[in-house]
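Novice: just coords:
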């Protein structure tokens, strides 16, 4: 199934959220590496997407484009920017054709030729008519994603929509399922499939009895836009890792002045292309819960390389690598990362920190100790008394563990190494200086 690439829209929306509309059209276009004309075309396209996705909503719930990007905390439980995945997962012609096919198979099982006849009579005149090969490709895709099933029997095979889940469960069971999917989609990664499943369940429940979902029991404020946006690349990279294939992509580092570069299609207007082209063998995809970022780790001729997925565009799969080569590079990466707090591959160093128990001490509700045990990975508590406990861990480098230690505030005292202790003292003194007393008559 041909999928549209939407690298430009991803970077466009990321910038729009992060800048909150502070950039002018010219600044926005320059930062993205596109023309002002392309900027205007893109924002018109996104407006069309928002209006299309909100056609079924009551008038008072409809949102303008700017409001859809910068909404209030209590306006919606839908995660920002997810509409892009709904609207851009398949081409417009595919979207209409698949909707027609699913509608036809909902009533009865049908063959590929019967579905082809329905497309000839049901598709709008301005859309291209499919051939038998296209219909069979659509059926294979829908069967792979679990939307339809093939009926048992001999050729010609008949296909029927697979909706037993919502048909066999009671309304109460469906609401419980909806609540479970809602919680998991907002707390686990990857999340996009969960959101799409939640939306499908919600639409079904709204058609049957909308009042039951009038007040939703959970409300989330979404912080990490990159987490959802970068899932557009996630499964392409996981597919390449699973099949040991190289990938080719254009990369923009976090320090780069641009985050996207338009693809030159007209030689008369060819411009210098920003970003560097890389061809690597992907080994691992890692998610950073603290900052909501995805990382790709590769191991090739240049050694171990790390890429933030928010800077990756124009990803294409390449040739497969030999199994022995892939396993050797994977093992080498694992050996270098066995002591990584996240992705650091520096020299191992032992960190010791004293954590102070909250007062009054209640063993059942010691949230400091509970958090250390939950998030402390392979570290261990090596000493403990009524007031505190000492935690020890060996990690690659100090950069990645430092924010975690700092997040405990006065409940954490770094003991070793001396370098980290001195850095923490300097940082807390700097923070203290921000709160120095000032003249009261200012």
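Specialist: Ah, there it is. Nothing here was measured: the structure is a model prediction, and the numbers come from that model.
Novice: Could I get the pLDDT score of residue 114?
Specialist: Listed pLDDT for residue 114 reads 92.
Novice: After the helix or strand containing it, which helix or strand is next?
Specialist: Assigned by DSSP states H and E, residue 114 belongs to helix 112-122. Helices and strands here follow DSSP H and E; after helix 112-122, the next one along the chain is helix 132-144.
Novice: who's in contact with that following helix?
Specialist: Helix 132-144 is contacted by residues 1, 94, 97-98, 101-102, 112-113, 115-116, 119, 130, 148-150, 159 when judged by CB atoms under 8 Å, 6 or more residues apart in numbering. No exception for glycine: its C-beta is placed from N, CA and C like everyone else's.
Novice: List the buried residues of that helix.
Specialist: For helix 132-144, a neighbour-count test (16 or more other CB atoms under 10 Å) marks 134-136, 138-139, 141-142 as buried.
Novice: And the helices in the stretch 101-250 of the chain?
Specialist: 112-122, 132-144, 164-168, 171-187, 192-209, 225-229, 231-242 (DSSP state H, counting those that start in this stretch).
Novice: same thing with the stretch 301-442 of the chain?
Specialist: Along the stretch 301-442 of the chain, counting by DSSP H, counting those that start in this stretch, helices occupy 323-337, 367-375, 402-406, 418-433.
Novice: Of these, which stretch is the most buried?
Specialist: Burial of the helices of the stretch 301-442 of the chain is given as mean neighbour count (mean count of other CB atoms under 10 Å); helix 402-406 ranks first at a mean of 16.
Novice: For residue 333, give me its contacts.
Specialist: Neighbours of residue 333 in contact, by CB under 8 Å, 6+ apart: 283-284, 297, 299, 304.
Novice: Oh, that last question was meant for residue 401, not what I typed.
Specialist: Contacts of residue 401 (CB under 8 Å, 6+ apart): 341, 351, 393, 395.
Novice: Next one, pLDDT for the second one please.
Specialist: Reading off the per-residue confidence, residue 351 sits at a pLDDT of 96.
Novice: do residue 269 as well
Specialist: 44.
Novice: Mind putting the helices of the stretch 101-250 of the chain into CSV with distance to residue 10?
Specialist: Listed next are these as CSV, based on distance: least, CB to CB, whole Å:
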stretch, distance to residue 10
helix 112-122, 31
helix 132-144, 23
helix 164-168, 31
helix 171-187, 20
helix 192-209, 13
helix 225-229, 5
helix 231-242, 6
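Novice: Compare the ones you listed and give me the one nearest residue 368.
Specialist: helix 171-187 (21.9 Å; CB to CB).
Novice: Show me which residues of that closest one are buried.
Specialist: Quick answer for helix 171-187 (16+ other CB under 10 Å): 174-175, 177-179, 181-182, 185-186.
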